[in-house]
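> Can you look at this prediction? I've put the sequence above it.
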Amino acid sequence: MLDALFYKNTLLARLRGLDMEVVARHFPRESGEANNALLERLGRWLATKFIGYSISHVSGRFRAEPLASMQEAADLEAKGRRYLIDETTAVTRFIFPCDDDSERVEWFFHELFVNAIIQFVNGEEEIWMVESGLHNRLHIWKVEEGN
């Protein structure tokens, strides 16, 4: 899904899916500029900001229940509940030159990349994104109860 953002036609298709009035607030129109011209100009600008990414896979183990003794954990397993869960995590790194456009880059990163990742891993109970660079923060998306 992220590879699609390396190609002009698929990048422009993703941009067309955004609300053009919101896009224009982050990337103001030039005088008399129509949507297609704005998207073409935005595509050229994004091409200078998004150059690539790297992905590595990390194996981890997580506790799915409150801390328990080995016997309590075995009892949970015997009842069909999991105490420890093995998981493979994809760690994706993006590098963006921001210059004086950091707010604009951040908004487009969220709209194009974060939303793409969330859609791709939709069905996971929880998605974590650790951001470092301009901001150091942790984003967590969780499935709401009943969904």
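Right, received. Where do you want to start?

> All the strands of the protein, residue numbers only.
With DSSP state E as the criterion, the chain has strands at 53-63, 84-94, 126-131, 137-142.

> mind checking which of those is nearest Met20?
strand 84-94 (24.6 Å; Cβ to Cβ). Quick note: C-beta positions are derived from backbone N, CA and C, even for glycine.

> List the neighbouring strands of the closest one plus their orientation.
strand 53-63 (antiparallel) (DSSP bridges).

> So what touches the partner strand?
2, 83-95 (Cβ atoms under 8 Å, 6 or more residues apart in numbering).

> For the chain, which residue occupies the most central location?
Central residue of the chain (Cα atoms, centre = their mean): Val114, 2.2 Å from the mean position.

> give the contact list for that one.
Counting by Cβ under 8 Å, 6+ apart, Val114 has contacts 129, 139.

> Look up the pLDDT of it for me, please.
Per-residue pLDDT puts Val114 at 82.

> One more: Gly146?
So, for Gly146, pLDDT stands at 61.
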